[in-house]
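# take this sequence and fold it.
(one chain, ligands or ions: 1)
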Amino acid sequence: MHEMSIAQSMLEIVFEEAAKNGLSRVTRVEITVGKMSAVVPASLQFCFEILSKDSPAEGAALDIEELPIRGRCRTCGLEFDSDGFFFACPACRGNDVELVSGQELYIKEIEGE
Ligand SMILES: [Zn+2]
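Alright, predicted model coming up:
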């Protein structure tokens, strides 16, 4: 399950940031994931709960913001959402498309006390 290793490295960053900011308990973590990173929010939530047991982040709320896969056509300039399988411009059918969003995977905010 690739969510397990994501949750693991996420928590490492959370602990590092918590230590840096003098937090003894983490109450909320907000992360941003692009649909292209193929993270299943429910599994990530589950892995986060397991791995944060007996840690300062135990019981912390995990908010997952999902960003759509979005491309921009270099030929006509149109921006469009994609399902990730078909990546061609819906207007001019061109396939010179750059990725605008969808690959994100980062921690946006950490709250604690
Ligand atoms: Zn186009």
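# how about the nearest residue to the residue of the chain most remote from its centre, chain neighbours excluded?
Most distant residue from the mean C-alpha position of the chain: Cys92, 30.8 Å away (Cα atoms, centre = their mean). Leaving aside its chain neighbours, Cys92 sits nearest to Cys76 (4.6 Å; criterion: Cβ to Cβ, 6 or more residues apart in numbering). From N, CA and C alone the C-beta is placed, and that goes for glycine too.
# quick check: the one you found is in a strand.
No - according to DSSP: H, G, I helix; E, B strand; the rest coil, Cys76 belongs to no strand; its state is coil.
# how about the residue farthest from the centre of the chain, what does it touch?
Going by Cβ atoms under 8 Å, 6 or more residues apart in numbering, Cys92 touches Cys73, Thr75, Cys76, Leu78.
# tell me the pLDDT of the residue nearest the centre of the chain.
Centroid-nearest residue in the chain: Val33, 2.0 Å away (criterion: Cα atoms, centre = their mean). Val33 is assigned 95 on the pLDDT scale.
# so Glu30: helix, strand or coil?
Under the three-state scheme (three-state DSSP), Glu30 adopts strand.
# need the contacts of Cys92 in CSV (columns: distance to Leu23).
Putting these into CSV (distance: Cβ to Cβ, whole Å) gives the following:
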residue, distance to Leu23
Cys73, 44
Thr75, 49
Cys76, 48
Leu78, 44
